[in-house]
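Asker: any chance you could fold what I've pasted below:
(chains A and B)
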Amino acid sequence: MTALLDIRDLSVRFRQGRQSVYALDQVSISVGRSERVAIVGESGSGKTVSSIAAMRLLPPTAEITSGAISFDGEDLASASEAQMSAIRGRRMAMVFQNAPHSLNPLLTVGRQIADVHLRHNGGSREQAWAAAVAALEATGIPDAANRANLYAYEYSGGMAQRAMIAMALTCRPDLLIADEPTSGLDVTIQLQVLDLIRAVADETGAALMLITHEIGQIAGLCSRVVVMYAGRVFEDGPADLVLSSPANPYTAALLDCAEPGDGDFPFIPGRAPDLRQRPSGCPFAPRCVKARDRCRADRPEPRSHAGRLVACHFPEAP
Amino acid sequence: MSAVDIAPARPSLFRRAIDRNGGWRVAIVFGALAAIIVLGLLAPLLPLQDPIKPNPLAKLAAPSLQHLFGTDNNGMDVFSRTIYAIRTDFTLALSSVLLGVLVGVPLGAISGYFGGWTDAVVSRLSEVIQGFPQILFGMAFIAAAGNSLTSVVLVVAIYNVPVYAKMVRSVIVPLRDIDYVQAAKVAGNRPMRVIFRHIVPNAMTPVFAQLPLSCAYAVQMIAGLSFIGLGVPIPTPEWGSMIQLGANYMVFGKWWLSIFPGLALFLSVWLLNASSTILQSIWARRT
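Answerer: Predicted structure coming up:
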């Protein structure tokens, strides 16, 4: 069976004056039908760029230097803008971080959701409005019929994120991309939003691509984890396997950070690498406690190891 | 308790205008401007003398109770003409500015959104129009297209197109990558819909603040063109042509022919400028 979303060997470069930022380097991510995949990594690891590339909304300064993206067997790289806009919102939907700012301040929330419905399903304005109210209701917004008439600034952060999820799901997409959907929300609301995402994915059967920097959010929600670092895939495998016995030292370090011990907060020393340079070795080597000479000289490519893909010369034996 | 009650109360536009400019200033500027516009609108209903009826028996009469602002060389009542000229000048100014907005805003929006080639063409054309001396351009255009009200409106409108195109472009470029625009694209909106439903409405504030300023400028330009005999044809009451007419009699001590329309022109332009400043202060971020 072919994957729903298949990103293959994708390299993306951003021009920044005379310099180039290598945002993605030979990244392969695939999401199967109804599969739930989490993409984790620090800021600047290429998580968001991968999703924006899948939507084909990279800014004009970005350039795809190699690789292919296909969605449901269709090659997105060669699709026309009109084809893309028919896919976006209907078959592939996306929820951003910072939900309150993702809603147009001059349109009521209901209008914006109705717009999406009208765009993809046609029908009358009344039908679209009814669908918008139903979508808001389905995401657990109380008194949805009245709240649909409110503007974004009258919504709280959690409600705005629910509204974004409602907008993303009005057309029952095959794939929902959630880009750090819980950042900026307080912890109790975070859990509610994650629960909601799980519930709607269950109900609509949509595949989920959850982008997050909190590795703790994955357990119980996603079946597969892709760990990214410096624009490269470091580890890719079943969630329970990767989370319980990480093979890549970077994954292990991330997991350590997620579970603070008694009174001390572990962190990964050093900082995310400068993507303007491409080191010849492993990009994590300068921060890795287990780095050896080979790591600094020779870049590891992802390869099969203990039921998953790992890009490391000296993976942890499970 | 509904969410409306919890939402932070935002002071109304009117409230903010008063807070930032003082009640008196707002009252005087908008009150006087409204008075001028109402005077112009109601002119035919007021007990005024016919503005274009010559009176050979009362040529160049000094201001008196009969003729408050005196009469001109044809014996037409200057008071009545000054009031009727509000209709001419404001209508021409407003229609030319609105025409400029109607063309300039979409042009600027499209050029700002798509960038690249479209943007280069629109921007360079704007610069050509703006770089050309306006009165010279007006003279050339009217010489070619004929001396009519339509030509005057077109000249001023063409002059306003780049003003609005550039203004909207400059607001749109940063809006292009803002979250809700990205969200609108992700939801499958086509580019034109993204531009005109999601971006342009959010880019209109400076346009509203600029409108009265452009009107002030348009009034000046229409009067200026009329002054050199290229604008509004003669018997029609219009400030610029009235001032020009009066200028010939100034040296003979017949000051009332030019002074009154001049004052009216000055007052209108000043009030329009002041109202633009107030509008700008409403939307300006406080530092």
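
Asker: state the distance from the one residue in the stretch 101-250 of chain B that gets nearest to chain A to residue A:91.
Answerer: Ranking the residues of the stretch 101-250 of chain B by distance to chain A (Cβ to the nearest Cβ) places residue B:188 first, at 3.0 Å. (Each C-beta comes from the backbone N, C-alpha and C, glycine too.) Note on residue B:188: its distance to residue A:91, by Cβ to Cβ, to the nearest Å, is 9 Å.

Asker: so which of those two has more stuff around it?
Answerer: Using other Cβ atoms under 10 Å in any protein chain shown, the more surrounded residue of residue B:188 and residue A:91 is residue B:188, with 23 against 19.

Asker: for that one, which three-state class applies?
Answerer: coil (DSSP: H, G, I helix; E, B strand; the rest coil).

Asker: now do the same contact list for it.
Answerer: A:85-90, A:116, A:119-120 (Cβ atoms under 8 Å, 6 or more residues apart in numbering or on different chains).

Asker: chain B against chain A: which residues are in contact?
Answerer: B:2-4, B:6-7, B:115-116, B:177-180, B:182-191, B:193, B:197-198, B:201-202 (Cβ under 8 Å from any Cβ of the partner chain).

Asker: let me see the ranges of the helices in chain A.
Answerer: Using DSSP state H, the helices assigned to chain A run over residues A:47-54, A:81-87, A:109-121, A:125-138, A:144-147, A:157-169, A:187-204, A:239-244, A:249-258, A:293-297.

Asker: which of those helices is buried the deepest?
Answerer: Among these, ranked by average contacts under mean count of other Cβ atoms under 10 Å in any protein chain shown, first place goes to helix A:157-169 (a mean of 26).

Asker: check whether that helix comes near chain B.
Answerer: Yes. Counting by Cβ under 8 Å from any Cβ, contacts between helix A:157-169 and chain B involve A:159, A:164, A:167-168.

Asker: SS state for the closest residue to residue B:123 other than its chain neighbours?
Answerer: Leaving aside its sequence neighbours, residue B:123 sits nearest to residue B:111 (Cβ to Cβ, 6 or more residues apart in numbering or on different chains; 6.6 Å). Look at residue B:111: counting by three-state DSSP, its state is helix.

Asker: number of residues surrounding residue B:111?
Answerer: Neighbourhood size, residue B:111 [other Cβ under 10 Å]: 25.

Asker: swap in the one 3 residues further on?
Answerer: With neighbours defined by other Cβ under 10 Å, the count for residue B:114 comes to 15.

Asker: the closest residue to it other than its chain neighbours: what's it in contact with?
Answerer: Distances taken as Cβ to Cβ, 6+ apart put residue B:191 closest to residue B:114, at 7.7 Å, once the chain neighbours are dropped. For residue B:191, the contacting residues are A:81, A:85, B:113-114, by Cβ under 8 Å, 6+ apart.

Asker: repeat that for residue A:145.
Answerer: By Cβ under 8 Å, 6+ apart, residue A:145 lies in contact with residue A:133.

Asker: quick one: contacts for residue B:279?
Answerer: B:17, B:208-209, B:211-212.

Asker: would you turn these into a markdown table with distance to residue A:150 and pLDDT?
Answerer: Shown next, in a markdown table, are those (distance: Cβ to Cβ, whole Å; pLDDT from 0 to 100):
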| residue | distance to residue A:150 | pLDDT |
| --- | --- | --- |
| B:17 | 26 | 82 |
| B:208 | 24 | 88 |
| B:209 | 27 | 86 |
| B:211 | 30 | 91 |
| B:212 | 32 | 90 |
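
Asker: follow-up on the earlier one: what distance do you get for the residue nearest to residue B:114 to residue A:89?
Answerer: With distances taken as Cβ to Cβ, residue B:191 is found 14 Å from residue A:89.

Asker: kindly report the same for residue A:14.
Answerer: For residue A:14, the distance to residue A:89 equals 25 Å [Cβ to Cβ].

Asker: more neighbours, the two?
Answerer: More crowded of residue A:14 and residue A:89, by other Cβ under 10 Å: residue A:89, with 27 against 18.

Asker: count of neighbours near residue B:150?
Answerer: 11.

Asker: ignore the last one, residue B:49
Answerer: Look at residue B:49: counted by other Cβ under 10 Å, it has 16 neighbours.

Asker: ok, it - contacts?
Answerer: By Cβ under 8 Å, 6+ apart, the contact set of residue B:49 is B:67, B:77, B:79-80.

Asker: is it in a helix, a strand, or coil?
Answerer: What three-state DSSP gives for residue B:49 is coil.

Asker: residues of chain A that sit close to chain B?
Answerer: Taking Cβ under 8 Å from any Cβ as the measure of proximity, chain A contacts chain B at A:55, A:57, A:59-60, A:81-82, A:85-90, A:93-94, A:96, A:98, A:101-107, A:115-116, A:119-120, A:143, A:146-147, A:150, A:152-155, A:159, A:164, A:167-168.

Asker: in chain A, which residue sits nearest chain B?
Answerer: Here chain A gets closest to chain B at one residue, residue A:89, 3.0 Å apart by Cβ to the nearest Cβ.

Asker: is it true that that residue touches residue A:120?
Answerer: Yes. Assessed by Cβ atoms under 8 Å, residue A:89 is found in contact with residue A:120 at 6.0 Å.

Asker: find residues that contact each of the two.
Answerer: Listed as contacting both residue A:89 and residue A:120 by Cβ under 8 Å, 6+ apart are A:171, B:188.

Asker: for chain B, which element, helix or strand, carries the lowest mean pLDDT?
Answerer: None of the helices or strands of chain B scores lower by mean pLDDT, DSSP states H and E than helix B:3-6, at a mean of 47.

Asker: beyond that one, next helix or strand please.
Answerer: helix B:13-21 (DSSP states H and E).

Asker: and that next one, what's buried?
Answerer: Buried positions in helix B:13-21, judged by neighbour count with 16 or more other Cβ atoms under 10 Å in any protein chain shown: B:16-18, B:21.

Asker: looking at those, which is nearest chain A?
Answerer: Ranked by distance to chain A (Cβ to the nearest Cβ), the buried residues of helix B:13-21 are led by residue B:16 at 16.2 Å.

Asker: look up the closest residue to that closest one, ignoring the ones flanking it.
Answerer: Excluding the flanking residues, the one nearest residue B:16 by Cβ to Cβ, 6+ apart is residue B:282, at 5.0 Å.

Asker: what do you get for residue A:158?
Answerer: Using Cβ to Cβ, 6+ apart, the closest residue to residue A:158 is residue A:189 (4.0 Å).

Asker: give the contact list for the one you found.
Answerer: Each residue near residue A:189 by Cβ under 8 Å, 6+ apart is listed here: A:157-158, A:161, A:182.

Asker: now the residue nearest to residue B:114: how far from residue A:90?
Answerer: Counting by Cβ to Cβ, the gap from residue B:191 to residue A:90 is 17 Å.

Asker: over to residue A:109?
Answerer: Remark: distance between residue A:109 and residue A:90 (Cβ to Cβ) = 20 Å.

Asker: same thing with residue B:262?
Answerer: According to Cβ to Cβ, residue B:262 stands 63 Å off from residue A:90.

Asker: just give me the residue closest to the centre of the chain.
Answerer: Defaulting to chain A. For chain A, the residue nearest the mean C-alpha position is residue A:211 (2.9 Å; Cα atoms, centre = their mean).

Asker: right idea, wrong chain: chain B
Answerer: Geometric centre of chain B, nearest residue: residue B:215, 0.9 Å, by Cα atoms, centre = their mean.
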